[in-house]
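Enquirer: Take a look and give me a structure for this.
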Amino acid sequence: MSAVIEEHHDDHHHGPDKGILRWVFTTNHKDIGTLYLWFSFLMFLTGGCMAMVIRAELFQPGLQIVQPEFFNQMTTMHGLIMVFGAVMPAFVGLANWLVPMMIGAPDMALPRMNNYSFWILPFAFSMMLSSLFMEGGAPNFGWTFYAPLSTEYAPPSVTFFIFAVHLMGISSIMGSINVVVTILNLRAPGMRLMQMPLFVWTWLITAYLLIAVMPVLAGVVTMMLMDIHFGTAFFSAGGGGDPVLFQHVFWFFGHPEVYIMILPAFGVVSAIIPTFARKRLFGYDSMVYATASIAFLSFIVWAHHMFTVGIPIAGELYFMYATMLIAVPTGVKVFNWVATMWRGSMSFETPMLFAIAFVILFTIGGFSGLMLAIVPADFQYHDTYFVVAHFHYVLVPGSVFSIMAAAYYWLPKWTGNMYDESLGKTHFWLSFIGVNVTFFPQHFVGLAGMPRRIPDYALQFADYNMISSMGAFLFGFSQLLFLFIVIKCIRGGKKATSQVWEGAHGLEWTIPSPAPYHTFSTPPEDLREAHG
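Expert: Here you go, the predicted structure:
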């Protein structure tokens, strides 16, 4: 059956097959997945350059290379580009490539909409980046764009920023509808929901989250637009509005958003660890239920981002306990990954190294999140570098490492060639060291009271900031090695076999492999009988 599907995939170019037009008009899920992945990598490097500017400025106290105003523009653009331009499109690219293959579908359900949802993105981000060259400069109010900074005191380019956010939201909603319809309607005959690979499950749940919260983001930027141009006062206390309303609406979108950026990562890691442990994933059902629980809980914890705005004590208690509750399903997942590796015959190829690093470092990020959930403690941590350290531990060794793990894991399937294993391992170790040297010291300066989003700081924070900046440049430059490895793999190399990870160290699979495109709990021959 899979051979038939593969053949169908390759014949599935609609429209011209010549040169650049093939990429403009393509409705093939593989082409669109590739476009998303390359676009997200370009945005990753762009956002990374902005992070380099930030870390160069913070290398020592005093103003070095940029003005405070430009520093604020860099922090804003870095956050927006990494979240909406790098991490999310990368996961959508993985969904496009893998979901149809994993469920035995010929393509995504709505291929033309798929093409459209991608091509909106380059225009949205070009517009957002062009604001750097506008009068008054780019948005300078932080990636969370709190009112009234982003309404009454914003540069004129805020209008273009709002339009760009609308476009990204449209793209996300269309991509998500496509994922949901594909998974619910195009599964191979006989494949029940509880037989789908976990990556498919995580994306199904993520897509529902996106459809639920993207309109909230659209609502909050529309209210901003009204306040700026049409005389309303949603967020202006002077006109009877409330700046804290902005925070409530924004974080009602923003908290599920952070889970949108990590749930597909859980799916990736749940595919990779069983392969290199040569064991079935431990506790498949509990993994599905844990993912769904996390998604549900993500909607009811938003105000933990705003413990310091003066919500009633009962509200603070509720949000504290609800936030801590998220640690339970997350702990279930970490336990299951560790149990999968337990007594497996493990080998440590590059994807597995990234996956193990994910489990360890994401857990550290989870622990600092638990600290931030405690209201009286959060009063101390809020708006310090401790928060920066926390969410970067979740998003860099979390989301970004899982995307890299996925790239190494599926590159042989995508390109037909093996990547260079020793270069891959070099990239992993440089990234692993770089990420920890960058973000671990930020816990310390945060606890010592260094505020975030500032271009200058007191002398006592100098040493740790210097270490942090050195780690950031190591991590940043090692991504150029990643680019080299990917291009080298596309252009040639050892041919990948049909069972690419099988003989990694001459080990036989101890069980039928969780191969690149399915982890059926029933053996494939039973399925064949099931649908003739």
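
Enquirer: Which stretches in the stretch 251-400 of the chain count as helices?
Expert: 263-277, 284-297, 313-325, 327-341, 350-373, 375-381, 385-394 (DSSP state H, counting those that start in this stretch).

Enquirer: who's in contact with Val53?
Expert: 65-66, 71, 74 (Cβ atoms under 8 Å, 6 or more residues apart in numbering). Backbone N, C-alpha and C define where each C-beta goes, glycine included.

Enquirer: ok, 7 Å please
Expert: Val53 makes contact with 66, 74, according to Cβ atoms under 7 Å, 6 or more residues apart in numbering.

Enquirer: Repeat that for Lys425.
Expert: Contacts of Lys425 (Cβ under 7 Å, 6+ apart): 350, 353.

Enquirer: picking up where we left off before, tell me which of the helices of the stretch 251-400 of the chain is the most buried.
Expert: Each of the helices of the stretch 251-400 of the chain was assessed for mean neighbour count using mean count of other Cβ atoms under 10 Å. The highest is helix 263-277, with a mean of 27.

Enquirer: ok, and what's touching that helix?
Expert: Contacts of helix 263-277 (Cβ under 7 Å, 6+ apart): 91, 94, 197-199, 201-203, 205-206, 280-281, 287, 291, 295, 333, 337, 340-341, 344, 346-347, 349, 351-352, 355, 358-359, 398-399, 402, 405-406, 409, 501, 513-514.

Enquirer: relative to helix 284-297, how tilted is it?
Expert: Comparing the axes of helix 263-277 and helix 284-297 via axes from the mean of the first three to the mean of the last three Cα atoms, to 10 degrees yields an angle of 160 degrees.

Enquirer: any idea how far Met101 is from the residue nearest to Trp302 when sequence neighbours are not counted?
Expert: Computed as Cβ to Cβ, 6 or more residues apart in numbering, the closest residue to Trp302 that is not its neighbour in sequence is Trp251, at 4.0 Å. Relative to Met101, Trp251 is positioned 36 Å away (Cβ to Cβ, to the nearest Å).

Enquirer: Next, count neighbours for Ala86.
Expert: 25 (other Cβ atoms under 10 Å).

Enquirer: Excluding chain neighbours, what is closest to it?
Expert: Phe44 (4.1 Å).

Enquirer: go on, Met82?
Expert: Gly47 (4.2 Å).

Enquirer: do the same with Leu210
Expert: Ser176 (4.1 Å).

Enquirer: Show me what the helix or strand containing that neighbour is packed against.
Expert: Assessed by DSSP states H and E, Ser176 sits inside helix 158-185. Judged by 3 or more Cβ pairs under 7 Å, 6 or more residues apart in numbering; DSSP states H and E, the packing partners of helix 158-185 are helix 88-103, helix 111-130, helix 198-229.

Enquirer: which one of those helices has the most crowded surroundings?
Expert: Scoring the helices and strands packed on helix 158-185 by mean count of other Cβ under 10 Å, the most buried comes out as helix 88-103, with a mean of 26.

Enquirer: how far does that one sit from the chain's center?
Expert: Relative to the centre of its chain, helix 88-103 is centred 13 Å away, using Cα atoms, centre = their mean, to the nearest Å.

Enquirer: mind starting the numbering at 24 from now?
Expert: OK, 24 is where the count begins now, so the last one is helix 111-126.

Enquirer: In terms of secondary structure, what does that helix contact?
Expert: Against helix 111-126 (3+ Cβ pairs under 7 Å, 6+ apart) you get helix 52-80, helix 181-208, helix 221-252, helix 424-438.

Enquirer: For that helix, C-alpha coordinates in PDB please.
Expert: Taking Å, rounded to 0.1, in the frame of the first residue of the first chain, the C-alpha atoms of helix 111-126 are listed here in PDB:
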ATOM      1  CA  MET A 111       5.400  28.000  13.900                       C
ATOM      2  CA  PRO A 112       6.100  27.800  10.100                       C
ATOM      3  CA  ALA A 113       8.700  25.100  10.800                       C
ATOM      4  CA  PHE A 114       6.200  22.900  12.500                       C
ATOM      5  CA  VAL A 115       3.600  23.600   9.800                       C
ATOM      6  CA  GLY A 116       6.200  22.500   7.300                       C
ATOM      7  CA  LEU A 117       6.800  19.300   9.200                       C
ATOM      8  CA  ALA A 118       3.000  18.800   9.300                       C
ATOM      9  CA  ASN A 119       2.700  19.200   5.500                       C
ATOM     10  CA  TRP A 120       5.500  16.800   4.800                       C
ATOM     11  CA  LEU A 121       4.700  14.100   7.300                       C
ATOM     12  CA  VAL A 122       1.000  14.100   8.200                       C
ATOM     13  CA  PRO A 123      -0.200  12.800   4.800                       C
ATOM     14  CA  MET A 124       2.500  10.100   4.800                       C
ATOM     15  CA  MET A 125       1.900   9.000   8.400                       C
ATOM     16  CA  ILE A 126      -1.900   8.500   7.800                       C
END
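
Enquirer: what separates stretch 88-99 from the chain centre, distance-wise?
Expert: Distance, stretch centre to chain centre, for stretch 88-99: 24 Å (Cα atoms, centre = their mean).

Enquirer: and what of stretch 63-83?
Expert: The answer for stretch 63-83 is 17 Å, by Cα atoms, centre = their mean.

Enquirer: Could I get the average pLDDT for that stretch?
Expert: Over the span of stretch 63-83, the pLDDT mean works out to 98.

Enquirer: next one: stretch 349-363
Expert: Per-residue scores along stretch 349-363 average to 98.

Enquirer: So what touches it?
Expert: With Cβ under 7 Å, 6+ apart as the criterion, stretch 349-363 contacts 289, 292, 296-297, 300, 302, 304-306, 309-310, 313, 316-317, 320, 324, 382, 386, 389, 393.

Enquirer: again, but for stretch 178-196
Expert: Here stretch 178-196 has contacts from 107, 111, 140, 143-144, 146-147, 150-151, 154, 157-163, 173, 233-234, 237, 240-241, 244, 247-248, 251, using Cβ under 7 Å, 6+ apart.

Enquirer: Extract the C-alpha trace of it and format it as CSV.
Expert: The C-alpha coordinates for stretch 178-196 follow below in CSV (Å, rounded to 0.1, in the frame of the first residue of the first chain):
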residue,chain,number,x,y,z
PRO,A,178,5.7,54.6,16.1
PRO,A,179,3.6,55.1,13.0
SER,A,180,4.8,51.6,11.7
VAL,A,181,2.5,50.0,14.2
THR,A,182,-0.3,49.9,11.6
PHE,A,183,1.9,47.8,9.3
PHE,A,184,2.7,45.5,12.2
ILE,A,185,-1.0,45.1,12.9
PHE,A,186,-1.7,44.2,9.2
ALA,A,187,1.2,41.7,9.2
VAL,A,188,-0.2,40.0,12.4
HIS,A,189,-3.6,39.7,10.7
LEU,A,190,-1.9,38.0,7.7
MET,A,191,0.0,35.6,9.8
GLY,A,192,-3.2,34.7,11.6
ILE,A,193,-5.0,34.1,8.4
SER,A,194,-2.2,31.8,7.2
SER,A,195,-2.2,29.9,10.6
ILE,A,196,-6.0,29.4,10.5
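
Enquirer: Can you list the buried residues in it?
Expert: Using 16 or more other Cβ atoms under 10 Å as the test for burial, stretch 178-196 gives 178, 180-196.

Enquirer: related to what we said a few turns ago, residues near the residue nearest to Trp325, how many?
Expert: Residues near Trp274, counting by other Cβ under 10 Å: 21.

Enquirer: any chance of the helices and strands packed on helix 111-126 in JSON lines, plus distance to Val417?
Expert: Supplementary listing: those in JSON lines, determined by distance: least, Cβ to Cβ, whole Å:
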{"stretch": "helix 52-80", "distance to Val417": "16"}
{"stretch": "helix 181-208", "distance to Val417": "20"}
{"stretch": "helix 221-252", "distance to Val417": "15"}
{"stretch": "helix 424-438", "distance to Val417": "11"}
